[in-house]
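Trainee: Sharing a model prediction with you, sequence too.
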Amino acid sequence: MVRTSTYQKAITALMQPGARLVLAHNRSTVSGRLYCIAPRGGRISNELAESILCRSDVRPLDAGLFPGRPQSWQLVRRRQP
């Protein structure tokens, strides 16, 4: 369960210009995955990253190392009517 305040802080960090959610592979974690918000958001938990990736306004930023396996995502701002 992700705390609401933690989730809101992560979304606020992703709303900054140029911010992105990045997946890196790291041997020091149990799952081998490390999620962070670049450039200044810092590391986030796998559970928080997965909840962010479920949002409809989060889109892959690039194709990643392997086709169909993105490693970075951006929060797409919705246009105001």
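Mentor: Nice, thanks for sending it over.

Trainee: Report the contact partners of the spatially most central residue of the chain.
Mentor: Geometric centre of the chain, nearest residue: Leu21, 2.8 Å, by C-alpha atoms, centre = their mean. Shown in contact with Leu21 (C-beta atoms under 8 Å, 6 or more residues apart in numbering): 14, 35-37, 44, 49, 52-53, 58, 72-74. The C-beta positions use only the backbone N, C-alpha and C, and glycine is treated the same way.

Trainee: Out of these, the closest to Gly64 would be?
Mentor: Nearest to Gly64 among the contacts of Leu21 is Ser72, at 7.5 Å by C-beta to C-beta.

Trainee: Pretty sure Asp21 sits in a strand.
Mentor: That one is not Asp; residue 21 is Leu. Yes: using DSSP: H, G, I helix; E, B strand; the rest coil, the assignment for Leu21 is a strand.

Trainee: Which strand residues bridge the residue nearest to the centre of the chain?
Mentor: Beta bridges link Leu21 to Ile37, Trp73 when assigned by DSSP bridges.

Trainee: State the pLDDT value of it.
Mentor: Listed pLDDT for Leu21 reads 96.

Trainee: Before I go, just wanted to say thanks for your time.
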